[in-house]
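K.L.:
Below: sequence and its predicted model.
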Amino acid sequence: MLLDDHAIVRSGYRRLIDAEPDLEVVAEAADADEAYAAVKRCEPDVAVVDLSLRGASGIEAIRRILARKPELRILVVSMHDSANLVSQAFQAGATGYLTKCSDPGQMIEAIRGVSAGRRVMSPEVSHALACAALDSGDLSRQLTPREFEVLRLAVRGESTASIAAHMHLSQKTVLNYLSAVRQKLNAENDFSLLHLAARHGLVDMPASALN
């Protein structure tokens, strides 16, 4: 199954995968809801998942579809190589993680690898995790998965109501998560929180703004 909100990307993946004699795309989805329905309908063995989706993120989508089919193998293919996002993806249940600059052949081998239950990572992802292991400021070590996801959506500009809807939470619970995040990260205000998130690769900001 392919989960990416860009149809042209899914089309490229489909042509690449269907050209292999032992692989076949059985379903496509543009968001978490479509992916959940496709898992119920088509029973795929592997899901190729992007993290930047409309609405709920790919991380939340991973959790949701694995709740439906725990044995499903997840290969994340994302433009992001932030150690925090990589860590959260693996904590959510991903088996492999490639960046979108990976060679097409590497993606095919990664699909076969995760299908066999092997942990698969592209070199830049392995490097990011190795560096993060030496960095005590790794956000994924300080926040719970839910706190991390609320933070990611908040710094992306999502409203409290939108975050609550995406994560199937009450607005009060979202506000409580944000309060806990500020306390754990010693962020005095929303700007400090945004600045910290940018330093950890959760949101893009001009380099001059980070100095």
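P.N.:
Sure thing, it's come through.
K.L.:
Going by neighbour count, list what's buried in the helix or strand harbouring Glu60.
P.N.:
Using DSSP states H and E, Glu60 sits within helix 58-68. Buried positions in helix 58-68, judged by neighbour count with 16 or more other CB atoms under 10 Å: Gly58, Ile59, Glu60, Ala61, Ile62, Arg63, Arg64, Ile65, Leu66. C-beta coordinates here come from the backbone N, C-alpha and C atoms, glycine included.
K.L.:
next one: stretch 109-119
P.N.:
Those would be Ala110, Ile111, Gly113, Val114, Ser115, for stretch 109-119 by 16+ other CB under 10 Å.
K.L.:
Next: stretch 174-189.
P.N.:
Val174, Tyr177, Leu178, Ala180, Val181, Arg182, Leu185, Ala187.
K.L.:
just checking, what packs against the helix or strand hosting the second one?
P.N.:
Under the criterion DSSP H and E, the helix or strand holding Tyr177 is helix 171-185. The criterion is 3 or more CB pairs under 8 Å, 6 or more residues apart in numbering; DSSP states H and E, and the helices and strands that helix 171-185 contacts are helix 139-142, helix 145-155, helix 160-167, helix 190-199.
K.L.:
and among the ones you listed, the most buried is which?
P.N.:
helix 145-155 (a mean of 22; mean count of other CB atoms under 10 Å).
K.L.:
hmm, back to that, can you give the contact residues for the helix holding Tyr177?
P.N.:
139, 142-143, 146-147, 150-151, 154, 160-161, 163-164, 167, 169, 187-188, 193, 196 (CB atoms under 8 Å, 6 or more residues apart in numbering).
K.L.:
Which helix or strand in this structure has the lowest average pLDDT?
P.N.:
The helix or strand of the chain with the lowest confidence, counting by mean pLDDT, DSSP states H and E, is helix 139-142 at a mean of 66.
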